[in-house]
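Engineer: Fold the stuff below for me.
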Amino acid sequence: MNKFKFIWFLFVIGFVIFSITMILKGPSKTLVFENIEKQEYDGVIQKKIIDTNDHFGNKIILNGYKQSIHWKLATVIEEGDSVIKQKGKTYLKIYKLNGDIIIFDLVNNKIR
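Structural biologist: I've put the predicted structure just below:
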């Protein structure tokens with residue numbers, strides 16, 4: 001019986017260590033990278049919103065459709081700006097009303 005308790009104890013400790021490691025590691029960069037590469041959208045930003053029905057996520061409305069965006073991107077863009085996200089790319093091009101072009105890295109969530 002003691003042998004069974006010891007094996008069970010080792011299993012529980014191993015599971016706890018594994019769980020903590022996975023939580024601290026966070027989501028796989030590869031999975032995030034692949035999901036971003038699959039996305040494709042473009043258009044003029046009609047509106048910027050904070051979607052209260054979706055955990056207060058930042059979104060933009062392009063061509064009548066909602067597109068989720070990172071909060072850092074929300075600080076850079078304005079209504080009337082044009083955005084292009086090409087399939088297979090991990091960045092977004094923003095064409096500002098004043099003529100500036102901004103490239104936003106969607107994997108690392110920062111301006112290039």
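Engineer: Could you verify my assumption that residue 90 touches residue 36?
Structural biologist: Yes: between residue 90 and residue 36 there is a contact at 5.1 Å, judged by C-beta atoms under 8 Å. (C-beta placed from N, C-alpha, C; glycine too.)
Engineer: which residues do these two both contact?
Structural biologist: Shared contacts of residue 90 and residue 36, defined by C-beta atoms under 8 Å, 6 or more residues apart in numbering, are found at 106, 107.
Engineer: other SSEs contacting the lowest-mean-pLDDT helix or strand in the chain?
Structural biologist: Least confident helix or strand of the chain, by mean pLDDT, DSSP states H and E, is helix 29-38 with a mean of 83. Helices and strands touching helix 29-38, as assessed by 3 or more C-beta pairs under 8 Å, 6 or more residues apart in numbering; DSSP states H and E, are absent.
Engineer: Buried residues, the next helix or strand after it. List them.
Structural biologist: Using DSSP states H and E, the next helix or strand after helix 29-38 towards the C-terminus is strand 41-51. Neighbour-count burial for strand 41-51, counted by 16 or more other C-beta atoms under 10 Å, picks out 43, 45, 48.
Engineer: Quickly find the element holding residue 3.
Structural biologist: Assigned by DSSP H and E, residue 3 falls in helix 2-25.
Engineer: quick check, distance from that helix to the centre of its chain.
Structural biologist: 31 Å (C-alpha atoms, centre = their mean, to the nearest Å).
Engineer: who touches it?
Structural biologist: Residues outside helix 2-25 that contact it (C-beta under 8 Å, 6+ apart): none.
Engineer: got the CA coordinates for it in CSV?
Structural biologist: Extracted in CSV, the C-alpha atoms of helix 2-25 (Å, rounded to 0.1, in the frame of the first residue of the first chain):
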residue,chain,number,x,y,z
ASN,A,2,2.9,2.4,0.8
LYS,A,3,4.3,1.7,-2.7
PHE,A,4,1.0,2.7,-4.3
LYS,A,5,0.8,5.9,-2.2
PHE,A,6,4.4,6.8,-3.2
ILE,A,7,3.7,6.3,-6.9
TRP,A,8,0.5,8.3,-6.6
PHE,A,9,2.4,11.1,-4.8
LEU,A,10,5.1,11.2,-7.5
PHE,A,11,2.4,11.3,-10.2
VAL,A,12,0.6,14.3,-8.5
ILE,A,13,3.8,16.2,-8.0
GLY,A,14,4.8,15.6,-11.6
PHE,A,15,1.4,16.8,-12.9
VAL,A,16,1.7,20.0,-10.7
ILE,A,17,5.2,20.8,-12.0
PHE,A,18,4.0,20.1,-15.6
SER,A,19,1.0,22.4,-15.2
ILE,A,20,3.0,25.2,-13.7
THR,A,21,5.5,25.0,-16.5
MET,A,22,2.8,25.1,-19.2
ILE,A,23,1.1,28.1,-17.5
LEU,A,24,4.3,30.0,-17.2
LYS,A,25,5.3,29.2,-20.8
